[in-house]
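Asks: next one to model:
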Amino acid sequence: MVATYLEDQGILADVRGGAYQSVVGELINIRGTLPRVWVLDDGEAERAKQLVAAFVASLRSAPAGEPWVCACGETLEPQFQSCWKCQAARP
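Replies: Sure thing, here's the model as predicted:
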């Protein structure tokens, strides 16, 4: 989800270590066993950190409650910040 968000913001990113996701609960917490998002251009690293921090904050503050209706007419659950159908941001 984070890698997709960064790519939507114009930052190329890659998920590494995702192959271990199905056995994470079985492994001791050792370096390299959890998936990580890598920014492919070092020059974009600081911007990526800021975007991810803002993204995480927006998820934590996402209102619980009523679904919302996008301008395209699609009804979305409250946790979604953009429309899956037309990609418009939540008003």
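
Asks: use CA for all of it now, contacts and neighbours both
Replies: Fine.

Asks: only alpha carbons, please: show stretch 78-85 as CSV.
Replies: What follows is stretch 78-85, C-alpha atoms only, in CSV (Å, rounded to 0.1, in the frame of the first residue of the first chain):
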residue,chain,number,x,y,z
PRO,A,78,-15.2,6.1,5.5
GLN,A,79,-11.7,4.7,5.8
PHE,A,80,-11.0,5.4,2.1
GLN,A,81,-9.3,8.7,1.2
SER,A,82,-9.7,8.4,-2.5
CYS,A,83,-12.2,6.9,-4.9
TRP,A,84,-11.3,3.5,-6.3
LYS,A,85,-13.3,4.2,-9.5
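
Asks: chain center to it, what's the gap?
Replies: Centroid separation for stretch 78-85 versus its chain: 12 Å, with Cα atoms, centre = their mean, to the nearest Å.

Asks: and it, which residues are buried?
Replies: Of the residues in stretch 78-85, 78-79, 81, 83 count as buried by neighbour count, 16 or more other Cα atoms under 10 Å.

Asks: what packs against the strand or helix carrying residue 59?
Replies: For residue 59, the host element (DSSP states H and E) is helix 45-60. Helices and strands touching helix 45-60, by 3 or more Cα pairs under 8 Å, 6 or more residues apart in numbering; DSSP states H and E, are helix 2-8.
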